[in-house]
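Chemist: After the sequence you'll find the predicted model.
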Amino acid sequence: MNIAIDPGAAAVLDRLHRAGHKAYLVGGCVRDSLSGRAPQDWDICTSARPEQTLALFGAAQCIPTGLRHGTVTVKQGGGLYEVTTFRTEEGYADGRHPDRVAFVAEVEADLARRDFTINAMAYNAAEGLVDPFGGAEDLLVRRVVRAVGDPARRFEEDGLRILRLYRFGAREQLALDAATAAAAVAARGRLGCVSAERIWQELSKLLAAPRPARWMPPEILQAILPELDMGCYAAALRAVDALPPDPLARLAALLAPSGPAAAAQALARLRCSNAEAAVVRALVAESGLALTGEAPRRQAWRLLARLDGGTACRLLALRQAQTGEAGFGAVAAAAGQLLAGHACCRTAQLAVDGRDLLALGLRPGPAVGRALAAALDEVVEERLPNERAGLLGWLRTQHWT
């Protein structure tokens, strides 16, 4: 079994080997390579102690990112490569991080501390695949995510592994080993030891998988989002799977049955960014959107008059996923055409602005906003083109108070 190694990673491995150290690619890059995907990161584990790695590559080529845990980031060929000493771990008082780390001489001991067998594989060109726990068979033959060793212990060590279990299952479209899945549900209280930021990071990756509903058991989702309306959970999951792999729209599908107040509370709990939270809040608030029977272009224009293009398109996809009504798809297509043509949908896009209205004699105040809104309505209803001369002529004929 051969893996096409990134040139920078190959150079780091070669230098470690020539200095007499053992060194392997490890973890996600091995898993992704076996799955036929190009790895995003190339991590390396080695028998070299961190001080030996620093001495070998030199201060100019190294970033001492985690010396206590044996990690040095090496700059090579324009890339960055994490090089970590083989280690074992003991004690997890905070439910997330080891209390003690011990450096060891053999890669097998290092692989034994990892979460799942599909992540507990190492590789170099000389020795080939090092796979003491059957990760390749689990990934390629059995098609299952299975914990390394005792699953209860793995989740006791790090509560985040519970969400990683479902994320890897959904991403790789793998079944879950029965003992591992049972241990994850039993240990769900350990999720309380995980920071909100890390929970949202893992949840967003899960929601970005192709069809993740199968890997979103209610016990786990309720543990991290107690605001969910579990009476509507099955319908929400159907909407999640029917949506494109958009984490924000899918999160809105989960939260919409709970209503805006509960959704805002959940978003605060997850500590989403302000921009992410604004999108989800808007989608939940608008999740009762109904088709009007008007032409799709007219409906799209009205929607774009009050929502930005990205939110409007997400909302239409959400409503189609929730209802199954094809009409939302037709409105979405029309919205896409309007956006592509830079159609005037909001007052800021009008060919006239507040200064023009003041020049016509309007006094500063609410009347200016009402006049612009009325002008936009004329354009949206296609009674007037979005042209300065025509709009000014129409505005002169109106009476604003």
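Modeler: Happy to help now that I have it. Numbering: from 1, shown residues only.

Chemist: Going by C-alpha atoms from here, please, whenever you check contacts or count neighbours.
Modeler: OK.

Chemist: Tell me where the stretch 151-300 of the chain has strands.
Modeler: Along the stretch 151-300 of the chain, counting by DSSP state E, counting those that start in this stretch, strands occupy 175-176.

Chemist: And residue 18, how far from residue 44?
Modeler: Separation of residue 18 from residue 44 (CA to CA, to the nearest Å) stands at 15 Å.

Chemist: and what of residue 217?
Modeler: Between residue 217 and residue 44 the distance is 34 Å, computed by CA to CA.

Chemist: Can you pick out the residue with more neighbours from those two?
Modeler: Each of residue 217 and residue 44 has its neighbours counted (other CA atoms under 10 Å); residue 44 has more, 27 against 14.

Chemist: Surely that one is in contact with residue 25?
Modeler: Yes. In this structure, residue 44 sits in contact with residue 25. The criterion is CA atoms under 8 Å, and the distance is 4.5 Å.

Chemist: With just CA atoms, put stretch 231-250 into CSV.
Modeler: Below are the C-alpha coordinates for stretch 231-250, written out as CSV (Å, rounded to 0.1, in the frame of the first residue of the first chain):
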residue,chain,number,x,y,z
GLY,A,231,-41.0,16.7,19.3
CYS,A,232,-40.1,18.1,15.9
TYR,A,233,-36.6,16.6,15.8
ALA,A,234,-37.3,13.9,13.2
ALA,A,235,-38.8,16.5,10.8
ALA,A,236,-35.8,18.8,11.5
LEU,A,237,-33.4,16.0,10.6
ARG,A,238,-35.2,15.4,7.3
ALA,A,239,-34.8,19.1,6.5
VAL,A,240,-31.1,18.9,7.4
ASP,A,241,-30.5,16.0,5.0
ALA,A,242,-32.5,17.8,2.3
LEU,A,243,-30.4,20.9,2.5
PRO,A,244,-27.1,21.5,0.8
PRO,A,245,-24.1,21.0,3.1
ASP,A,246,-24.4,24.4,4.6
PRO,A,247,-23.8,24.4,8.4
LEU,A,248,-25.7,27.6,9.1
ALA,A,249,-28.8,26.7,7.1
ARG,A,250,-28.8,23.2,8.7
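
Chemist: Show me which positions of it end up buried.
Modeler: Taking 16 or more other CA atoms under 10 Å as the neighbour-count basis, stretch 231-250 is seen to contain the buried residues 233, 235-250.

Chemist: got it, and stretch 189-201?
Modeler: Residues 190, 191, 194, 196, 199, 200 are the ones in stretch 189-201 that count as buried (16+ other CA under 10 Å).

Chemist: do the same with stretch 117-135
Modeler: Of the residues in stretch 117-135, 117-125, 129-135 count as buried by neighbour count, 16+ other CA under 10 Å.

Chemist: follow-up on the earlier one: among the buried residues of stretch 189-201, which ones are in helices?
Modeler: When DSSP state H defines the helices, the subset of the buried residues of stretch 189-201 inside them is 196, 199, 200.

Chemist: Please verify my assumption that residue 314 contacts residue 249.
Modeler: Yes. Applying CA under 8 Å, one finds residue 314 in contact with residue 249, separated by 6.2 Å.

Chemist: which neighbours do these two share?
Modeler: residue 283 (CA atoms under 8 Å, 6 or more residues apart in numbering).

Chemist: quick revisit: if we take the ones in helices among the buried residues of stretch 189-201, which one ends up nearest to residue 296?
Modeler: Closest approach to residue 296 among those (CA to CA): residue 200, at 35.6 Å.

Chemist: For the closest one, give me its contacts.
Modeler: Residue 200 touches 270, 271, 272, counting by CA under 8 Å, 6+ apart.

Chemist: most surrounded residue in the residues you listed?
Modeler: Counting neighbours by other CA under 10 Å, residue 270 comes out on top of the contacts of residue 200 with 20 neighbours.

Chemist: residue contacts, it?
Modeler: Residue 270 touches 196, 197, 199, 200, counting by CA under 8 Å, 6+ apart.

Chemist: need these in JSON lines with distance to residue 306, can you?
Modeler: As requested, the contacts of residue 270 are arranged in JSON lines below (distance: CA to CA, whole Å):
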{"residue": "196", "distance to residue 306": "32"}
{"residue": "197", "distance to residue 306": "31"}
{"residue": "199", "distance to residue 306": "32"}
{"residue": "200", "distance to residue 306": "29"}
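
Chemist: Reformat these as JSON lines; add pLDDT.
Modeler: As requested, those are arranged in JSON lines below (pLDDT from 0 to 100):
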{"residue": "196", "pLDDT": "95"}
{"residue": "197", "pLDDT": "95"}
{"residue": "199", "pLDDT": "96"}
{"residue": "200", "pLDDT": "97"}
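
Chemist: beta partners for residue 73?
Modeler: Here residue 73 sits in beta bridges with residue 63, residue 82, going by DSSP bridges.
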